[in-house]
Every structure is written in C-alpha cells, then in structure tokens.
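Asks: For reference, the sequence and a predicted model appear below.
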Amino acid sequence: MTRLQTAIPISIEWMDNHIKLLNQQALPHITEYIDLYTLQDVYEAITALKVRGAPAIGITAAFGLAMSAQNYEIDELEAFLVKLQKEKEYLNSSRPTAVNLSWALNRLINSIGNARSVNEAKTDLLHEAIQIQAEDEAMCRQIGENALLLLTPGDSVMTICNAGSIATAKYGTALAPFHLASERGKHFHVYACETRPVLQGARLTAWELQQSGVETTLITDNMAAHTMKTKKIKAVIVGADRIAANGDTANKIGTYGLALIAKSLQIPFYVAAPSSSFDLTLKNGDSIPIEERNLEEVTTLNGTQIAPEGIQVYNPAFDVTSSELITAIITEKGILYPSYTESIKNQLLRY
Ligand SMILES: CSC[C@H]1O[C@H](OP(=O)(O)O)[C@H](O)[C@@H]1O
C-alpha cells in the first residue's frame with residue numbers, strides 16, 4: 001500500500017446498493033462516513049458541501065442517479081428514460097459552477113443509448129458511474145505526473161482551496177504532484193491559503209497534505225501577496241471548476257487575486273484539471289455561472305456570529321481567472337500553453 005492509500009481516505013465508495021461518503025464538512029477533526037440511499041440524500045450532500053470538489057461532485061451525482069434508477073418501479077423503457085431525465089436535471093441543479101457535474105450526468109444518460117430494456121439500462125448506468133470514478137483516478141494520477149514536469153521538489157509552491165485527493169476519485173489535481181512526490185520521498189513546501197469563507201484550505205488541504213507527509217504552511221488569504229513576495233514562492237498551482245474554450249478558468253473565490261499577484265511578481269501560475277473540467281461550449285469565461293452561497297457562511301464561524309446581524313453580504317463561491325494570467329493548464333492529456341484555444345484543439349480534442 002502506498003502512503004497515500006493508507007493516509008487519505010477515499011471520499012466516495014459505491015457499496016452495491018448505496019453510496020458511502022466521507023463527510024468533508026466534519027474534517028479535519030472528525031473522519032466520518034455518511035450513507036446516501038436516495039436522490040435527495042445525494043442532492044443535500046452536494047449542496048451542503050459534505051462532498052465538494054468538481055470531480056467528486058460529478059462522481060457522486062453519477063452514482064446518485066444510477067442508484068436512484070435501480071429503484072424505479074417502471075417496466076417500460078420510454079417511461080424509465082423520462083423519469084431518469086427529470087432526476088438528472090434535479091441533481092444537476094444542486095450546484096451551478098463545476099461543469100464536471102453536468103458532464104458526468106450527461107455521460108450517464110448517453111451510456112444507455114443502446115439499452116433495449118429497463119434492466120439493461122439499470123446495469124449500464126451503474127457501470128458508467130463506476131467507469132467515471134476509475135477514469136478520474138487515472139486522470140488525476142497523470143495530472144500529478146505531468147505537473148511534476150513543471151514543479152521541482154524542494155520548491156515552495158502556493159495553492160488555494162482544496163483541489164486534493166478528497167475532491168476527486170484520488171490524488172487530486174493541484175495537490176496530485178505533492179502526493180506523488182511524497183510517495184517517492186521527495187518534498188515540496190506547500191503554502192496553503194485558508195480559503196475563506198468555507199475554509200477548504202485550512203480544514204481540508206492542510207489536513208490532507210499533513211496526512212501525506214507534505215511540508216505545509218497555512219496562511220490566511222490576505223497573506224498571499226506578502227508570502228509570494230517574501231517566501232521565494234516558485235509557482236502557484238490551483239484546481240478548476242470550469243475552463244472555457246479560450247482557457248478562462250473558474251475556480252474557488254480568491255484564485256483570480258492569486259493570479260494577478262503572481263503575474264505582477266512574475267511567478268508561474270498553473271491550473272491543474274482533467275479534461276472533464278473543460279466546457280468548450282463557452283467561448284470565454286464571461287458566461288461561466290458563478291454560484292452565490294448563503295450569507296451565514298460569511299457572517300458566522302463554526303456557528304458563532306462574527307458580523308453584526310442584518311449586515312449585507314456578497315458570497316460568490318468562485319471567480320474567473322482570465323487566460324492571459326495562466327502560464328499553463330496541466331491536464332491528463334498533457335500541458336497546454338497559450339493560445340489555449342489552439343492547444344485545447346490540438347491536444348485535448350485530438351483523441
Ligand atoms: C479538484 S476540485 C476543483 C475545485 O472545486 C472546489 O470548489 P468547492 O470546494 O466549492 O467544491 C475548488 O474550487 C477546487 O479548486
């Protein structure tokens with residue numbers, strides 16, 4: 001067993017008739033699993049961020065739809081497909097920004113195009129969800145290998161949010177190189193931004209990298225510029241929720257600011273993401289839907305009110321980094337460089 005296999009739990013496990021999910025809202029203090037049996041359980045787990053991270057959301061939704069379909073008491077294929085489409089749209093409405101959600105659900109619907117019976121369709125759905133999870137693990141491992149072509153062990157690297165193993169099937173995207181290097185006895189020094197308001201950096205990335213034996217320093221988000229300037233940060237690497245055809249990238253709120261600082265300090269800024277995070281129907285990032293979440297995430301901390309009651313709040317969960325601020329996009333199919341419109345066409349779509 002590699003260190004990663006023993007250190008970091010798998011976030012999503014299919015248990016033959018239900019989903020066993022690592023509750024990411026309980027981390028880092030409690031490692032607990034919750035059992036999801038219904039479509040509503042899955043919808044609520046995604047909206048409440050019990051599972052979060054673009055690929056992990058897609059995988060969970062895929063198993064959720066396949067699981068729900070197993071229990072349809074419908075014999076007629078046409079009626080089965082009508083109900084499946086309705087439930088797919090419901091799950092797809094759980095969070096708007098990560099394209100992996102709709103990508104995974106569409107893959108499930110497409111997987112039963114040739115089914116000749118309801119039973120065949122039920123089998124195909126489950127098979128496709130299992131396939132999506134297995135492929136994501138392989139893609140993330142390859143992203144880690146490709147990132148190690150750009151990052152040098154021993155360097156200090158900054159990241160934001162959690163684009164880690166628990167946000168994917170395994171390994172993560174932005175954190176994948178650190179896990180792989182650690183398994184090989186090579187070490188980076190990672191500066192993790194805490195990532196207000198939900199604290200994915202402080203709660204999840206700090207925990208995940210510590211489990212994996214990666215040297216990690218936690219900073220608050222407003223320390224990023226000073227840290228990049230004074231701590232010899234050699235690169236910034238982040239995940240992605242949706243990448244448009246020109247390379248504009250939506251990621252956790254605060255990412256755009258890191259990219260601007262990196263540009264001004266001439267520090268390479270990398271996005272790490274699987275091909276399932278690209279939305280080539282969008283010419284650029286202007287039309288990427290940005291999720292706005294409830295005000296309590298900003299006005300409270302661990303249930304304690306930290307702002308005056310009734311204060312107005314703006315709580316966008318993502319921002320869009322324009323492609324000219326991105327040095328390279330690291331995918332499982334290789335490293336893309338500007339112009340991203342061209343490199344996406346030549347490298348991502350060539351298969
Ligand atoms: C590989 S995870 C990608 C992405 O998802 C996270 O958002 P959230 O925690 O709200 O699901 C964050 O933006 C990560 O970079």
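Replies: Right, received. Where do you want to start?

Asks: mind listing what the closest residue to the ligand within the chain touches?
Replies: Residue of the chain nearest the ligand, by CB to the nearest ligand atom: Gly239 (2.8 Å). Using the backbone N, CA and C atoms, a C-beta is placed for each residue, glycine as well. Contacts for Gly239 (CB atoms under 8 Å, 6 or more residues apart in numbering) come out as 53-54, 161, 163, 167, 172-174, 251-252, 271-273.

Asks: per-residue confidence for Gly185?
Replies: Gly185 carries a pLDDT score of 95 in this model.

Asks: Torsion angles phi and psi at it?
Replies: Gly185 adopts backbone torsions of phi 70, psi 20, taken as degrees, to the nearest 10.

Asks: ok, now Leu149?
Replies: phi -80, psi -20.

Asks: From what I see, it and Ile335 are in contact.
Replies: Yes: Leu149 is in contact with Ile335 according to CB atoms under 8 Å; the separation is 6.7 Å.

Asks: For those two, indicate the residue with more neighbours.
Replies: Ile335 (18 against 12; other CB atoms under 10 Å).

Asks: what bridges to the residue lying closest to the more buried one once chain neighbours are set aside?
Replies: Spatial nearest neighbour of Ile335, excluding adjacent residues (CB to CB, 6 or more residues apart in numbering): Ala328 at 5.2 Å. Under DSSP bridges, the beta-bridge partners of Ala328 are Tyr270.

Asks: Around Ala328, how many other residues sit close by?
Replies: Neighbours around Ala328, by other CB under 10 Å: 23.

Asks: for Leu65, same thing?
Replies: Neighbour count for Leu65, taken as other CB under 10 Å: 24.

Asks: got the contact list for it?
Replies: Leu39, Leu84, Glu87, Lys88, Leu91, Leu105, Leu108, Leu125, Ala129.

Asks: ok, which of the residues you listed also contact the ligand?
Replies: When contact is defined as CB under 6 Å from any ligand atom, the contacts of Leu65 do not meet the ligand at all.

Asks: Now intersect those residues with the helices, please.
Replies: The helices, defined by DSSP state H, take in Leu39, Leu84, Glu87, Lys88, Leu91, Leu105, Leu108, Leu125, Ala129 from the contacts of Leu65.

Asks: Just the buried ones from those residues?
Replies: Among the ones in helices among the contacts of Leu65, the ones that count as buried by 16 or more other CB atoms under 10 Å are Leu39, Leu84, Glu87, Lys88, Leu91, Leu105, Leu108, Leu125, Ala129.

Asks: which other residues reach stretch 123-132?
Replies: For stretch 123-132, contacts defined as CB under 8 Å, 6+ apart pick out 14, 58-59, 62-63, 65-66, 69-70, 84, 104, 107-108, 111-112, 115.

Asks: Looking at those, which one is closest to His187?
Replies: Checking the contacts of stretch 123-132 against His187 by CB to CB gives Ile59 as the nearest, at 29.3 Å.

Asks: Give me every residue in the stretch 201-350 of the chain that's in contact range of the ligand.
Replies: Within the stretch 201-350 of the chain, the positions near the ligand by CB under 6 Å from any ligand atom are Val238, Gly239, Asp241, Asn251, Lys252, Ala317.

Asks: Please enumerate the strands of the stretch 251-351 of the chain.
Replies: Ranges of strands in the stretch 251-351 of the chain, per DSSP state E, counting those that start in this stretch, are 269-272, 278-279, 300-301, 304-305, 318-321, 328-331, 334-336.

Asks: And the contacts of the first one?
Replies: Among residues not part of strand 269-272, those counted as contacts by CB under 8 Å, 6+ apart are 143, 147, 150-151, 163, 173-174, 176-177, 235-240, 243, 249, 251, 258-259, 262-263, 321, 325-331.

Asks: one more time with 7 Å, if that's ok
Replies: The contact list for strand 269-272 (CB atoms under 7 Å, 6 or more residues apart in numbering) reads 143, 147, 150, 163, 173-174, 176, 235-240, 249, 259, 262-263, 325-330.

Asks: okay, now Ile57: neighbour count?
Replies: Ile57: 26 neighbours (other CB under 10 Å).

Asks: I figured it hits Ile46, correct?
Replies: Yes: Ile57 lies in contact with Ile46 (CB atoms under 7 Å); the separation is 5.6 Å.

Asks: burial count for His29?
Replies: That count, for His29 with other CB under 10 Å as the rule, works out to 8.
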